[in-house]
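1. Dropping a prediction and its sequence here:
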Amino acid sequence: MSPADQPLLEVKGLRAGYGSAQVLHGVDLRVGSGEVVGLLGRNGMGKTTLVHAITGIIASQAEALRFAGDSIAAQPAHRIARRGVALVPEGRQVYANLSVLEHLSAFTRPGADGRTPWHAARVFQLFPRLSERRSQWGAQLSGGEQQMLAIGRALVTNPRLLILDEATEGLAPLVREEIWHALSQLRDAGQSILVIDKYVQRLIRLADHHVVLEKGRVAWAGSSDALSADPTLWRRYLGV
């Protein structure tokens with residue numbers, strides 16, 4: 001495979017779980033440079049476990065687990081993050097006693113290539129609402145504002161791959177649209193993204209390809225056009 005054909009993230013035959021309970025049973029997934037991939041499936045099918053395995057939060061075994069051509073298998077989470085993988089976790093996990101600006105300042109660092117295109121000022125351009133709240137503590141923010149902050153906190157690490165676990169879960173419709181609009185802007189700027197979300201119609205408009213998990217295995221993978229054209233897949237695997 002030539003470097004031009006090499007995916008940014010390559011997962012092949014990945015197995016992972018918790019203690020004696022195996023959750024993932026040989027999952028394959030690829031994210032190309034500048035590509036957006038949707039990760040879909042009902043609750044409890046292994047989506048978060050897969051994200052945690054990719055980012056080194058939990059241990060895993062795989063035939064291949066590569067990022068930017070290098071193996072990241074068995075590497076700790078902080079080293080994977082330093083290579084350019086940033087996670088926006090489910091539940092946001094912002095710090096209650098840090099201000100918006102302190103969050104962004106504390107996490108700002110150059111990317112793996114040494115460049116720093118993302119900084120607090122650019123995050124404020126992406127999410128003007130955060131600029132208005134820059135001096136407020138995390139605990140004072142609404143759920144939607146916390147999600148914007150969690151995305152901004154990930155972006156200022158200047159990642160090559162941005163991973164979002166439940167990108168818009170529990171948010172009001174207008175706030176959800178702000179998040180989707182921001183993700184569209186990131187896609188148009190060439191940011192590689194792996195995103196979990198239950199809003200299939202919105203993901204179809206955002207993503208290039210999708211992977212559907214069912215009981216820890218890949219039940220279906222294909223393009224947005226293919227997923228849009230076959231609503232039986234939604235009923236079978238997504239409960240839509």
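-> Cool, the structure landed.

2. From now on I want contacts and neighbour counts done on CA atoms only, so please keep to that.
-> Will do.

3. Would you mind listing the buried residues in stretch 195-215?
-> For stretch 195-215, burial by neighbour count (16 or more other CA atoms under 10 Å) applies to 195-200, 203-204, 206-215.

4. can you check stretch 60-78 too?
-> 60, 61, 62, 64, 65, 66, 67, 68, 72, 73, 74, 77.

5. In helices only, show me those.
-> residue 77 (DSSP state H).

6. Lowest pLDDT pick from the buried residues of stretch 60-78?
-> Least confident entry in these, by pLDDT: residue 74, with 90.

7. separation between that residue and residue 169?
-> Distance of residue 74 to residue 169, given as CA to CA, to the nearest Å: 30 Å.

8. By mean pLDDT, which helix or strand of this protein comes out lowest?
-> One helix or strand of the chain scores below all others by mean pLDDT, DSSP states H and E: helix 231-233, with a mean of 88.

9. Could you pull out the strands in this protein for me?
-> In the chain, strands defined by DSSP state E lie at 9-18, 21-31, 36-40, 60-61, 64-67, 70-71, 85-88, 161-164, 192-196, 209-214, 217-223, listed in chain order.

10. Would you indicate which residues of the last one are buried?
-> Meaning strand 217-223. 217, 218, 221, 223.

11. quick one: the second one and residue 45, what's the gap?
-> Using CA to CA, one obtains 10 Å as the distance from residue 218 to residue 45.

12. and what of the last one?
-> Residue 223 sits at a distance of 20 Å from residue 45 (criterion: CA to CA).

13. ok, residue 232 to residue 226 distance?
-> For residue 232 relative to residue 226 (CA to CA), the value is 11 Å.

14. show me the residues around the residue nearest the centre of the chain that make contact.
-> Central residue of the chain (CA atoms, centre = their mean): residue 163, 1.6 Å from the mean position. The neighbours of residue 163, taking CA atoms under 8 Å, 6 or more residues apart in numbering as the test, are 51, 85, 86, 87, 88, 193, 194, 195.

15. same deal with residue 151?
-> residue 88.

16. got it, and residue 208?
-> Counting by CA under 8 Å, 6+ apart, residue 208 has contacts 35, 36, 37, 38, 223, 224.

17. go again using 6 Å as the cut-off
-> Neighbouring residues of residue 208 by CA atoms under 6 Å, 6 or more residues apart in numbering: 36, 37, 223, 224.

18. could these go into a markdown table alongside pLDDT?
-> Below are the contacts of residue 208 laid out as a markdown table (pLDDT from 0 to 100):
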| residue | pLDDT |
| --- | --- |
| 36 | 98 |
| 37 | 98 |
| 223 | 96 |
| 224 | 96 |
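
19. Next, count neighbours for residue 193.
-> 26 (other CA atoms under 10 Å).

20. quick one, what contacts it?
-> Counting by CA under 6 Å, 6+ apart, residue 193 has contacts 36, 161, 162, 163.

21. hmm, who's touching the lengthiest helix in the chain?
-> Determined from DSSP H, the single longest helix within the chain is helix 173-188. For helix 173-188, the surrounding residues in contact (CA under 6 Å, 6+ apart) are 144, 168.
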